[in-house]
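Asks: Need a 3D model of the sequence below.
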Amino acid sequence: MKSLMMLWRVVADEYGDMCSVSTTRDFQTLTGRVEHEGSSFLAITLPRFCDDFQKSLSIGRVTRDLFQGFSWQAGLPRFLGGFLELVFDRATGDLIDLPNIDAIHAVRQLTLLFGKIQVEPTAKRVRASLRGFVDCEQEVKKFDASRSDQNMAEFRRMSRLLWSEVLQRVDNDLFAEHQGPRISDPEWPYLVPKHGPGATADRKTGNRKYEFAEWSQRLEATFPYGEYALPNWRYHNRLDRVDFLEPGMERPVRVITVPKTLKSPRIIAIEPSYMQYMQQGVSAMIVDSIHRDHVMGRVVGFDDQWRNNHLAAEGSLTKSLATLDLSEASDRVSNQLVRAMVEPWSHVSEALDATRSRRADVPGHGVIRLAKFASMGSALTFPVEAMVFATVVFLGIEKGSARQLSRSDVRMLRKRVRVYGDDIIVPVEFAHDVIASLETFGFKVNSNKSFWTGSFRESCGREYYAGHDVSVVRVRSAVVHGRNWELPSSRRFVRETESTVALRNRFYLNGLWRTAAWLDEWNRTLLGGWYPTLEVTSPSQWEEKAPRSSVLGRWTVLPYRWDENPPEVLDRDTQAPMVKGWVLQSLLPASPVSGVGALLKVLSPRKVEPFEDPHHLERAGRPDAVRMKLRRTRI
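Replies: Numbers count the residues shown, from 1 in each chain. Here you go, the predicted structure:
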């Protein structure tokens, strides 16, 4: 693991110079621990160290029950002790009055650098995650059985307060859907189903998804096959070739694990193609209706994390907002709660029930019946879970207010409450009540990633301390040789090469220029010298703006200097300078479709226009492989 160890040392030395701290002993400790513990020290133990560090920032002191497995000197751990002394008092362990922000950033960067490398965990950890999936299902059933009638009544009342306008709009559209096409625009139906690029439980890929051989009877009762899976009723004879599955014979979702971190994999429940197709349409209607709501559209987010980041920064500065994070969020959303939430709107209720898979095939555990609404993998999981979480959050706020909330109260709180997936932001005075409410309804608050005291806040991938952005750069991909991880040394590791170039650019934008320079040397050798400089247009505090060029190269915020780097070639049309470098190319797998399937895809309102991809009926799906090609391209 020599290359990754050297990268850690370069980062440590750069932060050491910033803070006037020696990191020699820290690197020796790291080397010894990795030699005995392997990659788990980098990917599991160090992130746990950071969890304890952030907890110490939150409570305002270091306690002896934290930093287990590390030796101590007086009131602080020895490891990274030089940085910790700039944040906490060595004798007492108390947070000093003016902690060094660079030191806080350094501890987080050095402990989280390798925490998110996407590698396959051990078989033991995979089995433990699948067992946890099944155990979580049992907990959902237990909460369903123990939830009081009063709790359910309060949940129904709050759901109506928050979502009546949103769900009524969706319900009206679904009702109109059953009455026929929209008169004002007959070519654009209310509900537009579509396929995603991912896998399906029936193992269909690419354009084969448009050739439906299965359809559930539950779907048929709400969304008839002839209306959504045929180009028009002229092809009604195709109905004889379709297997309409009874509820007990429906294909279960296929539960799989995909690499996430060394600690645990990510669990995904892959839906059948016909379910996924209709879920996308219903999900789009719900999300669009929420976006159009002037109150709840501000509270719940789906595609814009900036607001969460802004509120987290504000909370860290003013200490007025708390950031909460949920564990196993989607797997703990009970179908009972969802049914109670949408109960008054019969068409919405029918649509969600028809597009929900009821069983899951879990490796090692067989087919189980699901009490949860849906796992990650369903297109409806994200919007529905956000609505449920927001409802429970406002119940907690109502409890803390000691009175029933009105619509005007919700309108006043819309600037201080935010739900984006399992990332939740609430006023700090209601944090304990909201946590109690979430736990009452069966959700688990992650104490290591939830903050309401102190000056540290975290939400949607950005972290802040006292208004300062202390977010870190992470190594996302590495070449795995058994138990060892390395930076790529050959261009045949295409994904890892791309990730290493991106790593350099993130370090550059984060201000670690010496580390970026060290990676420049590595990447220049890796890419055979073809490593051009690319201008980044207006990088902002909130997001990383990519350069206009698609070539792999080193980003810079400095303008292109024609006098210092005269281009060899100019673009014939725009006269922009051209550079030579490596460009990633991927070829979509062959997936020819003709007849009814091709016509259905072409006539869909979400079809791919021929001038955008003239070969979309021949190739579709996710690329099987990616290669690099040396070519000239614009800067």
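
Asks: centre of the chain versus stretch 518-538, how much separation?
Replies: Remark: stretch 518-538 is offset 28 Å from the chain centroid, using CA atoms, centre = their mean, to the nearest Å.

Asks: Can you read off the pLDDT for the spatially closest residue to Ser346 that is not a sequence neighbour?
Replies: Nearest non-adjacent residue to Ser346, counting by CB to CB, 6 or more residues apart in numbering: Asp171, 7.3 Å away. All C-beta spots, glycine's among them, are computed from the backbone N, C-alpha and C. What the model reports as pLDDT for Asp171 is 94.

Asks: and what of Tyr560?
Replies: For Tyr560, the model assigns a pLDDT of 68.

Asks: cool, and the one 5 residues further on?
Replies: We note a pLDDT of 63 for Asn565 in this prediction.

Asks: Over to Glu568?
Replies: So, for Glu568, pLDDT stands at 68.

Asks: hmm, back to that, any idea which helix or strand comes after the helix or strand where the residue nearest to Ser346 lies?
Replies: Assigned by DSSP states H and E, Asp171 falls within helix 149-179. Where DSSP H and E defines the elements, the next helix or strand beyond helix 149-179 is strand 214-216.

Asks: partner strands of that following strand, parallel or antiparallel?
Replies: strand 243-245 (parallel) (DSSP bridges).

Asks: Quick one: mean pLDDT over the strand it pairs with.
Replies: Per-residue scores along strand 243-245 average to 95.

Asks: buried set for stretch 190-199?
Replies: 190-191, 193-195, 199 (16 or more other CB atoms under 10 Å).

Asks: got the residues you listed as TSV, with pLDDT and distance to Tyr15 columns?
Replies: As requested, these are arranged in TSV below (pLDDT from 0 to 100; distance: CB to CB, whole Å):
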residue	pLDDT	distance to Tyr15
Tyr190	74	55
Leu191	86	53
Pro193	92	51
Lys194	90	47
His195	91	47
Ala199	90	42
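
Asks: Closest one of the residues you listed to Ser499?
Replies: The nearest member of those to Ser499, counting by CB to CB, is Ala199 at 22.7 Å.

Asks: so how far is Val10 from the closest one?
Replies: Distance, Ala199 to Val10, using CB to CB, to the nearest Å: 39 Å.

Asks: again with Arg64
Replies: Using CB to CB, we find Arg64 at a distance of 33 Å from Val10.

Asks: higher neighbour count, those two?
Replies: Shown here are Arg64 and Val10; by other CB atoms under 10 Å, Val10 has more neighbours (18 against 9).

Asks: Next up, the contacts around the more buried one.
Replies: 514-515, 518 (CB atoms under 8 Å, 6 or more residues apart in numbering).

Asks: Go ahead and report the secondary structure state at Arg492.
Replies: coil (DSSP: H, G, I helix; E, B strand; the rest coil).

Asks: Would you write a PyMOL line that selects the buried entries of the contacts of Val10?
Replies: Filtering these down to the buried ones (16+ other CB under 10 Å) takes a single PyMOL command:
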select buried, resi 515+518
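
Asks: Would you mind putting the contacts of Val10 into TSV with pLDDT alongside?
Replies: Formatted as TSV, these follow (pLDDT from 0 to 100):
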residue	pLDDT
Arg514	96
Thr515	97
Trp518	97
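
Asks: ok, which stretches of the stretch 201-350 of the chain are helices?
Replies: Counting by DSSP state H, counting those that start in this stretch, one finds helices in the stretch 201-350 of the chain at the ranges 217-222, 225-228, 273-292, 296-299, 306-318, 335-342, 346-354.

Asks: which one of these lies closest to Met578?
Replies: Nearest to Met578 among these is helix 306-318 (33.9 Å), distances taken as CB to CB.

Asks: lowest-confidence helix or strand of the protein?
Replies: Least confident element among the helices and strands of the chain, by mean pLDDT, DSSP states H and E: strand 569-570 (a mean of 76).

Asks: Give me the sheet partners of it and which way each runs.
Replies: When DSSP bridges is applied, strand 569-570 pairs with strand 577-586 (antiparallel).

Asks: What's the first helix or strand after the partner strand?
Replies: Next along the chain after strand 577-586, taking DSSP H and E as the criterion, comes helix 595-603.

Asks: Which residues does stretch 395-413 contact?
Replies: If you take CB under 8 Å, 6+ apart as the criterion, stretch 395-413 is touched by 154-155, 158, 161-162, 295-296, 299, 394, 417, 426-427, 429-430, 432-438.

Asks: which parts of it are buried?
Replies: Buried residues in stretch 395-413 (16+ other CB under 10 Å): 395-400, 405, 409-410, 413.

Asks: ok now that stretch, how far from the chain's centre?
Replies: Per CA atoms, centre = their mean, the displacement of stretch 395-413 from the mean C-alpha position of its chain is 29 Å.

Asks: before we move on, what about stretch 580-599?
Replies: 26 Å.

Asks: before we move on, what about stretch 496-507?
Replies: 20 Å.

Asks: just checking, Val192 touches Leu603?
Replies: No: between Val192 and Leu603 there is no contact under CB atoms under 8 Å: 11.4 Å.

Asks: Low-confidence bits of the stretch 501-635 of the chain, can you list those?
Replies: Counting by pLDDT under 70, the stretch 501-635 of the chain shows low-confidence ranges at 537-549, 560-568, 605-612, 635.

Asks: how is the protein carved up into domains?
Replies: Domain ranges of the chain: 2-117, 125-465, 513-634, per automatic domain parsing.

Asks: Mind checking these for the one nearest to Glu496?
Replies: Closest among the domains of the chain, using CB to CB: domain 513-634, at 9.6 Å.

Asks: So what touches the least confident helix or strand of the chain?
Replies: The contact list for strand 569-570 (CB under 8 Å, 6+ apart) reads 576-578, 632.

Asks: one more time with 10 Å
Replies: Outside of strand 569-570, the residues within contact range by CB atoms under 10 Å, 6 or more residues apart in numbering are 576-580, 632, 634.

Asks: returning to what we had before: nearest to Val388 among the buried residues of stretch 395-413?
Replies: The closest of the buried residues of stretch 395-413, once distances to Val388 are taken by CB to CB, is Leu395, at 10.9 Å.

Asks: how would you label the closest one: helix, strand or coil?
Replies: The local conformation at Leu395, judged by three-state DSSP, is helix.

Asks: out of the contacts of Val10, which are inside strands?
Replies: Assigned to strands by DSSP state E, none of the contacts of Val10 qualify.

Asks: Out of the contacts of Val10, list just those in helices.
Replies: Cross-referencing the contacts of Val10 against helices under DSSP state H gives 514-515, 518.

Asks: can I get those in a markdown table with distance to Trp215?
Replies: What follows is the ones in helices among the contacts of Val10, written out as a markdown table (distance: CB to CB, whole Å):
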| residue | distance to Trp215 |
| --- | --- |
| Arg514 | 60 |
| Thr515 | 55 |
| Trp518 | 57 |
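
Asks: Just the strands from the stretch 301-450 of the chain, written as ranges.
Replies: Counting by DSSP state E, counting those that start in this stretch, the stretch 301-450 of the chain has strands at residues 321-327, 359-362, 366-369, 418-420, 423-427, 444-445.

Asks: Go through those strands and name the closest to Phe223.
Replies: The closest of the strands of the stretch 301-450 of the chain to Phe223 is strand 359-362. By CB to CB, the value is 19.8 Å.

Asks: Direction included, what does the closest one pair up with?
Replies: Strand 359-362 has these strand partners (DSSP bridges): strand 253-258 (parallel), strand 366-369 (antiparallel).
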